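Engineer: output the structure for:
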Amino acid sequence: GRVDLAMAAVDVIDALAPQARDKGVGFDPVLPPRGAAVVEGDRDQIIQVIQNLIDNAIKYTPRDGVVRVEIFPGLTVDSAAAARDPAAARMSLLTPDHAAGERYATLRVSDRGPGLAREHLPRLTERFYRVEGQKSGDRSGTGLGLAIVKHIMNRHRGGLTVESVQGEGATFGVYLPMAKVVAEKGLVA
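Structural biologist: Below you'll find the model as predicted:
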């Protein structure tokens, strides 16, 4: 099927707004217009990816903090996977096979939490893996969220990246092939 990534993100933000509000966390969405970031895939699974990423960002963002959700359509695979912060520890957790000229839509979710040390990045998508020192209190979880994200992105021929600066937060990015009809109509940048 085809999924408008921006509309899916809006649905997830709306669904998680009460949880964010209870924790004192806001959202800063930077989204393209409707129809500009249409990707190929299963809507329910893409919603699950967005939900897992935003839910993690809410958990790790301190009270009065903001979770930033950005979507960029029409990117090459290199641009979709490119680093944003040269000072950050960065890793590609999943790199797709791609066809020449294929365009991607990227979703990036950023928190302003404790961040992650470089040595933890390679293991983030392992099932049940939790970073030491971040397992207690209101940050409980199973350690399955990012493993599920990686599995779904692999099934959708997408990619997954992480960037983090300790003490400043983390950004998780996913990128998916854009729907061919959208790309052919020139609706991508």
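
Engineer: at which residues are the helices of this protein located?
Structural biologist: 5-23, 43-60, 77-81, 145-155, 180-184 (DSSP state H).

Engineer: among these, which is the most enclosed?
Structural biologist: helix 43-60 (a mean of 21; mean count of other CB atoms under 10 Å). Heads up, the C-betas are built off the backbone N, CA and C, glycines and all.

Engineer: what residues are up against Gly167?
Structural biologist: Pro114, Gly115 (CB atoms under 8 Å, 6 or more residues apart in numbering).

Engineer: again, only using 6 Å
Structural biologist: Neighbouring residues of Gly167 by CB atoms under 6 Å, 6 or more residues apart in numbering: Gly115.

Engineer: same question, the one 10 residues further on
Structural biologist: Pro177 sits next to Glu40, Glu102, Tyr104, Arg157 when contact means CB under 6 Å, 6+ apart.

Engineer: name the member of these with the most neighbours.
Structural biologist: Tyr104 (28 neighbours; other CB atoms under 10 Å).

Engineer: that residue and Ala81 touch, don't they?
Structural biologist: No: with contact defined as CB atoms under 6 Å, Tyr104 does not reach Ala81; the gap is 8.5 Å.
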